[in-house]
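Trainee: sequence and predicted structure below; questions after.
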Amino acid sequence: MNKRFLLAATAVLFFTGLTQAADLNIGTVNVRAVATQAPQRESIQVALQQEFKERAEGLKALETEIVSIQTKGQADALTMTEQQKTDLIRSVQGKASELKLKQTNFQEDYKKRSDQEQRKLLILIKKAIDQVALQDNFSIVLQSESVAYISDRVDITNKVISLMTDPKFN
């Protein structure tokens, strides 16, 4: 009797699992494609360029100044005293060190700000995915990069991109 009960209980659990699996609606999204095609990405790049424009111009001006000093030193080398040559070399070395430090700081600051903006973009992408998933009644949405096979009918990448290009989406 225990065997029959156990067999019946197993059958009920098995068929219950199949019915619940049939109600499961799974979708996929290519997050990388959404991130590269989202219009917000371009606005982020423009904002970063504007934010760091002045510092980039300062770096270019310092590079130009170093080249100018070196060119002048080469042109005037025959008429310069040893002290003037030494002062010129030290000046170039000092400015080169300053340039290197400023470039390093610039790159670190730019990367930090870029990472912050990328995180904001990923939050927006997540919001768009959630909205499309709710709209289309998906129970689960997986990243397509980690799925072996994807049918076009469950890929919501284009819907997410369309939603993100909508001016009303925020």
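Mentor: Cool, got the structure.

Trainee: so where's the protein shaky on pLDDT?
Mentor: 1-22 (pLDDT under 70).

Trainee: output the longest helix belonging to it.
Mentor: If you go by DSSP state H, the chain has its longest helix at helix 82-135.

Trainee: export the next helix or strand after it to PDB, keeping only CA atoms.
Mentor: Remark: after helix 82-135, the chain's next helix or strand is strand 140-143, criterion DSSP states H and E. C-alpha atoms of strand 140-143 as PDB (Å, rounded to 0.1, in the frame of the first residue of the first chain):
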ATOM      1  CA  ILE A 140      11.700  34.900 -16.800                       C
ATOM      2  CA  VAL A 141      14.000  36.900 -19.100                       C
ATOM      3  CA  LEU A 142      17.500  35.500 -19.600                       C
ATOM      4  CA  GLN A 143      20.500  37.100 -21.100                       C
END
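
Trainee: can you spell out which helices and strands pack onto strand 140-143?
Mentor: In this structure, strand 140-143 packs against strand 26-29, with contacts taken as 3 or more Cβ pairs under 8 Å, 6 or more residues apart in numbering; DSSP states H and E. Using the backbone N, CA and C atoms, a C-beta is placed for each residue, glycine as well.

Trainee: would you mark the buried spots in the helix or strand that the strand it packs on is followed by?
Mentor: Note on strand 26-29: by DSSP H and E, the next helix or strand toward the C-terminus is helix 31-37. For helix 31-37, the neighbour count (16 or more other Cβ atoms under 10 Å) marks 31, 33-35, 37 as buried.

Trainee: rewinding a little: what helices and strands are in contact with the longest helix of the chain?
Mentor: Contact partners of helix 82-135 among helices and strands, from 3+ Cβ pairs under 8 Å, 6+ apart: strand 26-29, helix 31-37, helix 39-75, helix 157-165.

Trainee: the same query, at a cut-off of 6 Å, please.
Mentor: Secondary-structure packing of helix 82-135 (3 or more Cβ pairs under 6 Å, 6 or more residues apart in numbering; DSSP states H and E): helix 39-75, helix 157-165.

Trainee: which secondary structure elements does the last one sit against?
Mentor: Taking 3+ Cβ pairs under 6 Å, 6+ apart as the contact definition, the neighbouring helices and strands of helix 157-165 are helix 31-37, helix 82-135.
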